[in-house]
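Enquirer: generate a structure from the sequence data that follows.
(chains A and B)
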Amino acid sequence: MAVCTVPALLLFVVFFFYPILRAFTMAFYRWSGMARGTEVFIGLDNFRTMFHDDIFWLSFKNSFIVMLIVPAATVILALFLAVLLTRFKLREKFFYRTVLFFPNVLSIVVISILWSFIYHPTMGILKAIFESLGLTRLSEIIWLGTPETALYSVTVTIVWAGLGFYLILFIAGIESIPLQYYEASAIDGAGHVRQFFSVTLPLLWEVMRVSFVLLISGVFYGSFIYVQVMTNGGPNWSSETLVNYLYYQAFKNFNMGYATAIGLVVFLIGITLAFLSNRLTRKDTVEF
Amino acid sequence: MNEASVGKKISRAGIRMILIVFAATVILPFLWLIYSSFKTSREFMENPLNLPKQLYFDNYVHAWVQANMGSYFINSILISVVSLACTLLISVTSAYAITRFVNAYTKFLKGLYISTFFLPGIVGLVPLFLMMNDMHLINNRFGMIIVYIALNISFSVFVLSGFVSNIAKDYEEAAFIDGASRYGILFKVIIPLSMPAIVTVSVFVFLGLWNEFLYAYTFLTDEAIMTIPIGLNNLFAVQKYQTDWGALFAGLVMVLIPTLLFYALVQKHITSGIAAGGIKM
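Expert: I've put the predicted structure just below:
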C-alpha cells in the first residue's frame, strides 16, 4: 500500500515543496533566469536593494492597508448581516445567504472585469447611478484611474467578493449557540443589542478568530489577481501590492533573484501575520 | 394590535430594507452584465443603464469564434477534469495508507502534508517557473495538470484522511475475511463509504482549478492553450484597444451561466462544507 503513496509524494515534493525550498537559495543570486549558469552570487545585495527601493515600500504599505481594511470590513459586515438573518428569524435567510455567497464561486477574473466596468469612467454603472442621483462630484471620479482612490476601490471589490463566505460561517456559528442562552438573557431583560454583546459575541469569538486568520493571509496573497486585472498596480504604482511587485520583478523585469528575495519577505510577513493574528486573538473561549 | 408588535413589524421592515440593499449589490451588477451583453457597440456609448433595443446575438458569435472562448472552454474543462480525477485518485490512496497502515513512513507523510498545508505556493513560483522551463513544460497542458495536482494534494489528503479515520474498521475486516485484497478494500469499501467527503473535496478542488489564475497566468502564455480566466483577462486587455465590449460582455456571461448552474447544483455541499469546517476549527 505504501508504494501507492509515492506518486503523490513525488509530485508534491518536486512541484510544490522543492520550489519553495529553492527560493531560499535563489534569493541570494542575481539572475535573469534566461540562460543556465548566468546566475551570480551576490549575498545580501537583493535585500539591500529592496531596502532602498521606494516601490517596494509603497507596495509594502499598500499590502498592509488592504490587510487592515478587508478583514475588518468583512468581519463587521458579515457579523451584522448574520445577526440580522438569524436573530430576527427571517424566512428568507436561505435566499440572502445564497445570493451573497455567489461571488465566492465565480472566477476572480470575472469579478475583477465586472467591477472594472462598474467603476468605468464612461460606461460604468456607478457613474450612471451617481449622475441620476444628481451627485455630479462623485460621478466625475475616475475610481480606478486616480492614485488616491485606486487601491480603495479595489478593496471594496475584495470585500464584496468574500463577504458571503464569512456570512455562512457566522450564521452556522450563531445557530450552534444554544437557544437557552438567549431565552435566559431575555428573561433578565436584555434586548437585541445587549444580547449581541453578552451572548453572541463571546460565543462566536472562536469562529471570528478563525475568520481573521483566514482573511489576513487570504487577502495578503489573494489581492494579487484583483490588482493585476483591475489596475495592474497603477496608476503610477499607487495600487501595487507586494505579490504584484514580486510578479512584476520576475516576469516583466526578469529579475528572478530579486523577485525571489521579495518572495521570501512575503513569506516571512505571511508567517508572522498568521502567528500574530492567531496569538493576539486568543482568549479563553467559552465552551458550551 | 398592540404597540410592541407594531414596533416589531417596523423594525423587521427596516431589517428587510438593509438586506435587500446588500442583495441588490450582488444581483444588479450581474443583471446589468447579462442585458448589456446584447448591446451593439453604439449602444455601449449611450447611458450604461439603458436596456438594449434588440437582442444583438452577434456578440456571442464574436466571443465564441473571434475571441476564442470556445477553445478556452475546452482547455479549462480538460485541465480541470483531468487534474481533479488524478488528485482524487492519489489523495484517497494516500489517505487510506496514512490512516490504516500506520508506520514511520506514513507518519512522515501525514506530518509533511499537514505542516505544509498553509505554505503559500507563491514563494516558490519563480523557482517553479524556471524548473518547468527547463523541463519544457511551459505552455503545456500536461505541465499545468501536474502543477495543479501537486497544489491540491495536501488539502485533499488532509480532508479525506480525517474522514477515512472515522469509518469503522468492521467493514474492512468483513471484506478481508471474504478474501478481498487491500486494493479491493480501497475500491469497494473505502471509496464508496467516503463518497460524502470525496464529493465535498471535489467541489472545492474543482472550483479552485476552474478559477485558478496565478499559475495559469504564469505558465500558459500561448493563446491556443489558455484556460477561461486567463483567456478572459487576455480578452479584457485586447478590448481596451479594439473596444468590442459586446464580445467581452458575452464572454463573461458565457462563463457566468455555467457557474450559476453549477452553484445551484452543489450549493448545499458548499454551505455545509464551510459551516462544518468553520465550527470544527
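
Enquirer: show me the strands in chain A, by range?
Expert: Remark: strands assigned in chain A by DSSP state E are A:29-30, A:40-41.

Enquirer: the first one packs against which elements?
Expert: Looking back up the chat, that one is strand A:29-30. Judged by 3 or more C-beta pairs under 8 Å, 6 or more residues apart in numbering or on different chains; DSSP states H and E, strand A:29-30 is in contact with strand A:40-41, helix A:256-280. In short, each C-beta sits where N, CA and C put it, glycine included.

Enquirer: state the mean pLDDT of the shortest one.
Expert: For strand A:40-41, the mean per-residue pLDDT is 78.

Enquirer: winner for burial among the strands of chain A?
Expert: Ranked by mean neighbour count, those are led by strand A:29-30 with a mean of 18 (mean count of other C-beta atoms under 10 Å in any protein chain shown).

Enquirer: parallel or antiparallel, list what pairs with that one.
Expert: Next to strand A:29-30 in the sheet, as set by DSSP bridges, lie strand A:40-41 (antiparallel).

Enquirer: how far away from the center of its chain is the partner strand?
Expert: Centroid separation for strand A:40-41 versus its chain: 35 Å, with C-alpha atoms, centre = their mean, to the nearest Å.

Enquirer: what about residue 241, neighbour count?
Expert: As the question left the chain open, I've gone with chain A. Per other C-beta atoms under 10 Å in any protein chain shown, the neighbour tally for A:Thr241 reads 30.

Enquirer: could you do chain B instead?
Expert: Residue neighbour count, defined by other C-beta under 10 Å, stands at 7 for B:Tyr241.

Enquirer: output the strands of chain A as CSV; include the columns distance to B:Phe44.
Expert: Listed next are those as CSV, based on distance: least, C-beta to C-beta, whole Å:
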stretch, distance to B:Phe44
strand A:29-30, 47
strand A:40-41, 52
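
Enquirer: so which of the ones you listed is nearest B:Lys39?
Expert: strand A:29-30 (51.0 Å; C-beta to C-beta).

Enquirer: quick check: mean pLDDT of the closest one?
Expert: 82.

Enquirer: do the same with stretch A:209-220
Expert: Here the average pLDDT along stretch A:209-220 is 84.

Enquirer: low-confidence stretches in the chain?
Expert: Looking at chain A here, since you left the chain open. Within chain A, the stretches with pLDDT under 70 are A:1, A:35, A:37, A:283-288.

Enquirer: chain B is the one I meant
Expert: B:1-4, B:277-281.

Enquirer: deepest-packed of the helices and strands packed on strand A:29-30, please.
Expert: Highest mean neighbour count among these (mean count of other C-beta under 10 Å): helix A:256-280, a mean of 19.

Enquirer: would it count as contacting chain B?
Expert: Yes - counting by C-beta under 8 Å from any C-beta of the partner chain, chain B has neighbours in helix A:256-280: A:Met256, A:Ala259, A:Thr260, A:Gly263, A:Leu264, A:Val266, A:Phe267, A:Gly270, A:Ala274.

Enquirer: so who does the residue of the stretch 101-250 of chain B at minimum distance from chain A touch?
Expert: Nearest residue of the stretch 101-250 of chain B to chain A: B:Gly124, at 3.1 Å (C-beta to the nearest C-beta). Going by C-beta atoms under 8 Å, 6 or more residues apart in numbering or on different chains, B:Gly124 touches A:Phe16, A:Phe17, A:Tyr18, A:Pro19, A:Ile20, A:Leu21, A:Arg22, A:Ala23, A:Gly263.

Enquirer: also B:Arg12?
Expert: Contacts of B:Arg12 by C-beta under 8 Å, 6+ apart are A:Phe88, A:Leu90.

Enquirer: show me the helices in the stretch 101-250 of chain A, by range?
Expert: In the stretch 101-250 of chain A, the helices defined using DSSP state H, counting those that start in this stretch lie at A:108-118, A:125-132, A:136-139, A:147-175, A:179-187, A:192-195, A:201-230, A:242-251.

Enquirer: centre of the chain to the first one, how far?
Expert: To tie it back to what came earlier, the one meant is helix A:108-118. With C-alpha atoms, centre = their mean, you get 16 Å for helix A:108-118.

Enquirer: distance of B:Trp32 relative to chain A?
Expert: Using C-beta to the nearest C-beta, to the nearest Å, B:Trp32 is found at 6 Å from chain A.

Enquirer: repeat that for B:Ile10.
Expert: 12 Å.

Enquirer: what's the answer for B:Asp58, then?
Expert: For B:Asp58, the distance to chain A equals 19 Å [C-beta to the nearest C-beta].

Enquirer: OK, contacts around the nearest residue to that residue once chain neighbours are set aside?
Expert: Closest residue in space to B:Asp58, ignoring its immediate chain neighbours: B:Gly246 at 7.4 Å, by C-beta to C-beta, 6 or more residues apart in numbering or on different chains. Applying C-beta under 8 Å, 6+ apart, we find B:Gly246 in contact with B:Ser37, B:Phe38, B:Lys39, B:Thr40, B:Ser41, B:Phe44, B:Tyr56, B:Asp58, B:Asn59, B:His62.

Enquirer: so B:Gly246 lies in a strand, does it not?
Expert: No - B:Gly246: not assigned to a strand; according to DSSP: H, G, I helix; E, B strand; the rest coil it is helix.

Enquirer: Three-state assignment for the residue lying closest to B:Ile114 once chain neighbours are set aside, please.
Expert: Distance criterion C-beta to C-beta, 6+ apart; nearest residue to B:Ile114, sequence neighbours excluded, is B:Phe158 at 6.4 Å. What three-state DSSP gives for B:Phe158 is helix.

Enquirer: and the residue lying closest to A:Arg209 once chain neighbours are set aside, how many neighbours?
Expert: Once flanking residues are discounted, A:Arg209 sits nearest to A:Thr281: 4.3 Å by C-beta to C-beta, 6+ apart. Each residue near A:Thr281 was counted by other C-beta under 10 Å, and the total is 15.

Enquirer: buried sites along the helix or strand hosting B:Ser272?
Expert: When elements are assigned from DSSP states H and E, B:Ser272 belongs to helix B:245-280. Burial within helix B:245-280, assessed by neighbour count using 16 or more other C-beta atoms under 10 Å in any protein chain shown, is assigned to B:245-256, B:259, B:263, B:266-267, B:269-271, B:273-275, B:278.

Enquirer: report the distance from that helix to the chain centre.
Expert: Distance of helix B:245-280 from the chain centroid (C-alpha atoms, centre = their mean) equals 8 Å.

Enquirer: now it and helix A:108-118, what's the angle there?
Expert: Per axes from the mean of the first three to the mean of the last three C-alpha atoms, to 10 degrees, the angle that helix B:245-280 makes with helix A:108-118 is 120 degrees.

Enquirer: sorry, back to before: which of the contacts of B:Gly246 lies closest to chain A?
Expert: Distance to chain A, by C-beta to the nearest C-beta, is smallest for B:Phe44 among those, at 6.1 Å.

Enquirer: who are the contact partners of the closest residue to the closest one other than its chain neighbours?
Expert: Leaving out its chain neighbours, the residue that sits closest to B:Phe44 by C-beta to C-beta, 6+ apart is B:Trp245, at 4.8 Å. The neighbours of B:Trp245, taking C-beta under 8 Å, 6+ apart as the test, are A:Met123, B:Lys39, B:Ser41, B:Phe44, B:Gln239.
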